[in-house]
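1. just need the structure, nothing else, for what follows:
(one chain, ligands or ions: 1)
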Amino acid sequence: MNKVFLCRETVREETRAALVPGDIKTLTTMGYDITVESGAGEKIGYTDDEYSNAGAKIVRSPDEGYKLCNIIVRINKNDDIGGIRENTLHISSFDVFNQRNAIKRYAEAGIKLVSLEMIPRTTLAQKMDIQSSQASLAGYYAVILAASKLPKIFPMMMTPSGTITPARVFVIGVGVAGLQAIATAKRLGARVEAFDTRPVVEEQVKSLGAKFIKIDLGEMGQTEQGYAKELTAEQIELQRKGQIKACAHSDVVITTAKVFGRKAPVLLTKDMTAQMKSGSIIIDMAVKTGGNVEGSDPEKEVILDNGVRIIGGDSLERFIPIDASKMFSGNIFAFLEHFWDAEKKTFRLDTEDEILRGCLITSDRKIIHKSFIE
Ligand code: NAD
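-> Have a look, this model is predicted:
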C-alpha cells in the first residue's frame, strides 16, 4: 500500500489542499507513489506542473485516481464514494460525530476510513494533529477579522489630537484557537480578558499578558486527552452570569468553547448580547457544532437591533489557505511517514498502533472504532 491520491476538494467553500508539492517531493523520495487530481492546488497557487515536478502523476478525474491508488488524501469528507476501490485507505477530516450515516456507507463500501480529528492527542501524534494546526490559524484570523470589522482601532494611541483607549477583547474558551486569539489581540494592542472551564488555563492566559476572569463553577477538570468536560445546566447558568460584565464592556468577544464530540454550550444569550455596545463584534467559532452564541449563523453575519454584529466563524483557516494547507500537508506528511515501512516499501496498516487505533473508524466492511460501534 504505497499509492497515494491527492484529490481536488469538492466542497465549494474549501480553499486548501491536503498536500503541497514540497511534502510530495519528500514522500516520493521515501517510496510513496503519488497521483494528483488536476487543479488540486489551484486555489493556493500551485499549478499541476509544480506537483508534477515534485514527482506526482497528474490525472484529470477522481475516478482515474481511485483506480490507480490505494490511499486517498483530502481535506474534507466526500459523499460521492462510488469508484473508490475496496480496502482503499481514505484519510481526511470527517466530522465523525455528526456523520454516522456516512460512516456506515464507507464501511459498506469496504473503505478504510481514517478521521483525522480522531488522532489521539499524544506527544508522538502532535505533528499529525490537524485540529491544532488549523485551530491556531483560525484563532489568529478571528482576531484579524474582528479588527477589520470593528469601527475602532485595537491599540491605545496618545496623540496631540486626543487619546484613544485600547479596544477590549474577551476570549471565551482558551484552547488552541483561544490562545492564538489572545496572543494576536495582545500583539495588536488590545486589552484582553479570557475564561475557560479548565483550571490549567489560567496560568497560560496570564503568561500571554491577558486577564483571566474568575468564575467559580465548582467541579470542572478536563479529560485525559486535555478536552473540557461538559457542564451541567446549572454550571452554564453560573458561567453566563459571571461573564455578563466582561461581555458588556468588550468591543470584541471571540468564543471558541467546544466540548469534543458534543454540542457546544450556549454561553452568550440574547439578554447578554443585548447589553453589548453598538458596533461590537462577536465571533462564534463554535457555530458549526451548535454555537456558543444565541442567534449565530454559520452562513451569514447577523446584525442585532443594538448594532452588535455576530459572525459565525466556522473554518476561518480557509481565509488563509496558503499557511493552512502547508500545515495540513505537514500533518498528513507526518502521518504517512509514521506508518511508512521502509523495508517493505508500504504503508504499515498496524491496527495495534495507538495512533491508528484512535483514528481508524472502519475496516473490513465494519465500523471498528469503539466510539461508533452501535
Ligand atoms: P476544543 O476545541 O475542544 O475547545 C476549545 C476550548 O474551549 C478548550 O480550551 C475548552 O476547555 C474550552 N471550553 C469548553 N467548554 C467551555 C465553557 N463552557 N466555557 C469556556 N471554555 C470552554 O479544545 P482544543 O483547543 O482542541 O484543545 C484543548 C486542549 O487540549 C489544549 O489546550 C491542549 O492543552 C490540549 N491539546 C493537546 C495536544 C497534544 O497533546 N497533542 C494537542 C492539542 C491540544
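
2. residues contacting stretch 361-372, please?
-> 94, 96, 100, 103-104, 106-108, 110-115, 118, 261, 351, 360, 373-374 (Cβ atoms under 8 Å, 6 or more residues apart in numbering). All C-beta spots, glycine's among them, are computed from the backbone N, C-alpha and C.

3. taking these one by one, which sit in strands?
-> K112, L113, V114, S115 (DSSP state E).

4. for the stretch 251-374 of the chain, which residues are neighbours of the ligand?
-> T256, A257, K258, V259, F260, P265, L267 (Cβ under 6 Å from any ligand atom).

5. got the CA positions of stretch 217-237 in PDB?
-> What follows is stretch 217-237, C-alpha atoms only, in PDB (Å, rounded to 0.1, in the frame of the first residue of the first chain):
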ATOM      1  CA  LEU A 217     -18.300  26.700  38.600                       C
ATOM      2  CA  GLY A 218     -17.500  24.000  41.200                       C
ATOM      3  CA  GLU A 219     -16.000  20.700  40.000                       C
ATOM      4  CA  MET A 220     -14.700  21.000  36.400                       C
ATOM      5  CA  GLY A 221     -11.400  19.500  35.300                       C
ATOM      6  CA  GLN A 222     -10.500  18.000  31.900                       C
ATOM      7  CA  THR A 223     -10.500  14.700  30.100                       C
ATOM      8  CA  GLU A 224      -7.300  12.500  29.600                       C
ATOM      9  CA  GLN A 225      -7.000  14.000  26.100                       C
ATOM     10  CA  GLY A 226      -7.000  17.500  27.500                       C
ATOM     11  CA  TYR A 227     -10.500  18.400  26.400                       C
ATOM     12  CA  ALA A 228     -13.100  20.200  28.600                       C
ATOM     13  CA  LYS A 229     -15.800  18.200  30.400                       C
ATOM     14  CA  GLU A 230     -19.400  19.000  29.600                       C
ATOM     15  CA  LEU A 231     -21.000  21.400  32.100                       C
ATOM     16  CA  THR A 232     -24.300  20.900  33.900                       C
ATOM     17  CA  ALA A 233     -27.200  23.300  33.100                       C
ATOM     18  CA  GLU A 234     -26.600  25.000  36.500                       C
ATOM     19  CA  GLN A 235     -22.900  25.500  35.800                       C
ATOM     20  CA  ILE A 236     -23.700  27.000  32.400                       C
ATOM     21  CA  GLU A 237     -26.100  29.400  34.100                       C
END
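
6. only the buried residues of that stretch, if you could.
-> Neighbour-count burial for stretch 217-237, counted by 16 or more other Cβ atoms under 10 Å, picks out L217, Y227, A228, K229, L231, Q235, I236.

7. and the last one, helix, strand or coil?
-> When the structure is split into helix, strand and coil by DSSP: H, G, I helix; E, B strand; the rest coil, I236 lands in helix.

8. which ones are touching it?
-> Neighbour list for I236: P265, V266, L267 [criterion: Cβ under 8 Å, 6+ apart].

9. and it, what pLDDT?
-> Predicted confidence (pLDDT) for I236: 93.

10. closest to A194 among the residues of the stretch 251-374 of the chain next to the ligand?
-> Of all those, A194 sits closest to T256, with 10.0 Å by Cβ to Cβ.

11. for that closest one, what are phi and psi?
-> phi -130, psi 20 (degrees, to the nearest 10).

12. and it, what pLDDT?
-> 97.

13. separate out the buried members of the contacts of stretch 361-372.
-> With burial judged by 16+ other Cβ under 10 Å, the buried subset of the contacts of stretch 361-372 is 94, 96, 103, 106-107, 110-115, 118, 360.

14. and for N98, the neighbour number?
-> Counted by other Cβ atoms under 10 Å, the residues lying close to N98 total 12.

15. relative to G261, how far out is it?
-> Look at N98 and G261: by Cβ to Cβ, to the nearest Å, they are 10 Å apart.

16. now swap in A142 and tell me
-> As judged by Cβ to Cβ, A142 and G261 stand 23 Å apart.

17. where does the stretch 151-300 of the chain dip in pLDDT?
-> 221 (pLDDT under 70).

18. break down it into its strands, ranges please.
-> Applying DSSP state E, counting those that start in this stretch to the stretch 151-300 of the chain gives strands spanning 157-159, 162-164, 168-172, 191-195, 211-212, 252-255, 281-284.

19. distance to E13 added to those, as a markdown table?
-> Compiled in a markdown table, these are given as follows (distance: least, Cβ to Cβ, whole Å):
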| stretch | distance to E13 |
| --- | --- |
| strand 157-159 | 37 |
| strand 162-164 | 36 |
| strand 168-172 | 25 |
| strand 191-195 | 29 |
| strand 211-212 | 35 |
| strand 252-255 | 21 |
| strand 281-284 | 17 |
